[in-house]
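# let me see the structure of the following:
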Amino acid sequence: LAPPTAPATNQSHAPAEVRQRCAQGACLVLRGRRLYDLGGFVRLHPGGEQLLRERAGSDVSAALEGPPHRHSRNARRWLEQYYLGEVRPEPSNSINNMSIKLSSTQHFPYRELFYFCSDLVDWHKPLLWQVGRLGEKYDEWVHQPVDRPIRLFHSDFIESLSKTAWYIVLMVWIPVVLYLSWFCYASLAQGTTRLFSSFTTEYSIPVHKYFFPFIFVLGMFLWSLVEYLIHRFLFHMKPPASNYYLITLHFLLHGQHHKSPFDSSRLVFPPVPASLVIGFFYVLLRLLLPEAVGMSMFVGGLFGYVVYDMTHYYLHYGSPKKGTYLYGLKAYHVKHHFEHQKSGVPGWRLWHRCIRHIPMWVCQWWCYILLSVCFSSSYCLTFEESVGCFSPLLIHIHQGG
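Model (predicted):
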């Protein structure tokens with residue numbers, strides 16, 4: 001597939017044709033005399049499908065400017081992907097109650113808005129091996145979202161492992177959660193599990209089977225913190241323009257999602273790579289805690305991950321009712337992709353307030369350790385380089401952003 005490009009402006013449509021298509025159920029809107037087909041976007045609209053349906057056949061210029069809110073530059077750029085052509089003016093004596101209101105006096109910088117950097121990558125080839133060469137242009141490019149699928153790898157097999165459907169996550173991990181929950185409860189019911197027994201038998205603390213729900217919830221709570229730290233400080237770092245490997249890693253881990261936020265096959269964590277990360281935390285908790293306690297905390301964290309992934313998918317493809325909590329959360333998350341990439345992720349509000357009170361130097365050293373672990377086998381980062389990746393983000397947090 002070729003990259004999205006603006007169709008030729010010599011295409012023209014009669015107002016009667018637009019009215020007829022809208023009457024048949026099409027969702028066509030105008031901006032000035034420019035015509036857009038939003039049929040493929042109505043279900044994804046953060047304001048709800050009904051809101052766009054009500055504006056079918058009308059000029060949305062005023063709605064883009066607000067109120068209730070002014071649409072971001074990325075939102076306007078996104079609109080240009082659905083451009084069909086120009087609407088021809090209609091004689092005033094032929095206008096009826098079904099007429100389309102056109103505005104010919106407004107000027108929009110469409111060439112500037114529709115800057116998709118289509119010459120920076122070859123969309124006919126896998127993107128993963130190209131993005132590292134974008135250098136200083138990468139950060140701007142990756143935060144200009146497009147409505148199209150992304151291919152990462154040359155190998156069809158490896159490519160298939162890098163994406164999945166949302167229900168596969170449920171099919172794979174919910175049985176694991178149920179089995180491990182039963183196993184942990186049964187293990188605790190034996191009455192042999194004690195905390196600190198490896199250090200002292202006199203002061204060790206017995207763990208009763210009724211503690212399982214609390215340990216489970218604690219695991220969910222810890223997952224939320226881990227997700228916040230990884231997402232905020234690793235996924236949203238700004239990789240050095242001169243570092244091919246860090247740019248490539250950023251795109252693999254999270255940049256691809258910001259480039260194509262509605263690619264349904266890349267909205268949840270595929271089971272194969274997810275199993276590697278999940279396995280790491282399983283081993284870590286088994287080493288640090290007694291088996292039944294560590295497993296109980298692990299299964300709580302695993303369930304927290306599944307809930308997070310399903311919520312994330314719903315925020316992209318669901319249509320929550322206006323005024324509900326999920327409706328506000330969806331609008332909050334859309335800003336994460338189209339307006340403020342440093343905010344708008346579920347669960348961030350709580351941890352964002354907490355981490356603002358941590359000294360800056362502690363955050364900087366944590367960033368250094370995190371990147372050093374990630375690249376210990378392939379690339380040696382200096383303290384200044386690692387802090388430079390996160391400096392804008394750290395300053396944003398500590399200034400209350």
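
# what about the strands in the stretch 101-250 of the chain?
194-195, 205-206 (DSSP state E, counting those that start in this stretch).

# what about stretch 216-231, distance to the chain center?
17 Å (Cα atoms, centre = their mean, to the nearest Å).

# so which of the strands of the stretch 101-250 of the chain comes closest to residue 155?
strand 194-195 (46.7 Å; Cβ to Cβ). C-beta coordinates here come from the backbone N, C-alpha and C atoms, glycine included.

# sorry, back to before: what's the most buried one of the strands of the stretch 101-250 of the chain?
strand 194-195 (a mean of 16; mean count of other Cβ atoms under 10 Å).

# now that one: mean pLDDT?
Strand 194-195 comes out with an average pLDDT of 68.

# what of stretch 55-68?
For stretch 55-68, the mean pLDDT works out to 79.

# before we move on, the earlier item: and the strands of the stretch 101-250 of the chain as JSON lines, adding distance to residue 48?
Compiled in JSON lines, the strands of the stretch 101-250 of the chain are given as follows (distance: least, Cβ to Cβ, whole Å):
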{"stretch": "strand 194-195", "distance to residue 48": "49"}
{"stretch": "strand 205-206", "distance to residue 48": "51"}
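
# check contacts around the closest residue to residue 215 other than its chain neighbours.
Among residues not flanking residue 215 along the chain, residue 296 sits closest, at 4.0 Å (Cβ to Cβ, 6 or more residues apart in numbering). Going by Cβ atoms under 8 Å, 6 or more residues apart in numbering, residue 296 touches 184, 188, 211, 212, 215, 216, 219.

# which SSE is residue 296 in?
Element membership of residue 296 [criterion: DSSP states H and E] is helix 291-317.

# check which residues of that helix are buried.
Residues 292-306, 308-316 are the ones in helix 291-317 that count as buried (16 or more other Cβ atoms under 10 Å).

# one more: stretch 15-23?
15, 18, 19, 21, 22.

# shaky segments in the stretch 51-200 of the chain?
Residues of the stretch 51-200 of the chain meeting the criterion pLDDT under 70: 67-69, 91-119, 195-200.

# number of residues surrounding the nearest residue to residue 163 once chain neighbours are set aside?
Using Cβ to Cβ, 6+ apart and skipping the chain neighbours, the partner closest in space to residue 163 is residue 265 (3.8 Å). Residue 265: 15 surrounding residues under other Cβ atoms under 10 Å.

# and the pLDDT for residue 265?
93.

# my guess is it meets residue 161, correct?
No: the pair residue 265 / residue 161 is not scored as a contact, 11.5 Å apart, by Cβ atoms under 8 Å.

# got the phi and psi for residue 56?
In terms of degrees, to the nearest 10, the main-chain angles of residue 56 are phi -60, psi 130.

# what number of residues lie near it?
20.

# give the contact list for it.
22, 26, 27, 28, 29.

# if we use 10 Å, what do you get?
Residue 56 makes contacts with 18-19, 21-23, 25-29, 38-39, 42, as judged by Cβ atoms under 10 Å, 6 or more residues apart in numbering.

# from the residues you listed, which ones fall inside helices?
18, 19, 21, 22, 23 (DSSP state H).

# nearest residue to the third one other than its sequence neighbours?
In this case it means residue 21. Residue 21 sits nearest to residue 28 (Cβ to Cβ, 6+ apart), 5.9 Å away.

# list phi and psi for residue 271.
Backbone phi and psi, for residue 271 under degrees, to the nearest 10, turn out to be phi -60, psi -40.

# next, count neighbours for the residue nearest to it when sequence neighbours are not counted.
Using Cβ to Cβ, 6+ apart and skipping residues adjacent in sequence, the residue nearest residue 271 is residue 172, 4.6 Å away. With neighbours defined by other Cβ under 10 Å, the count for residue 172 comes to 16.
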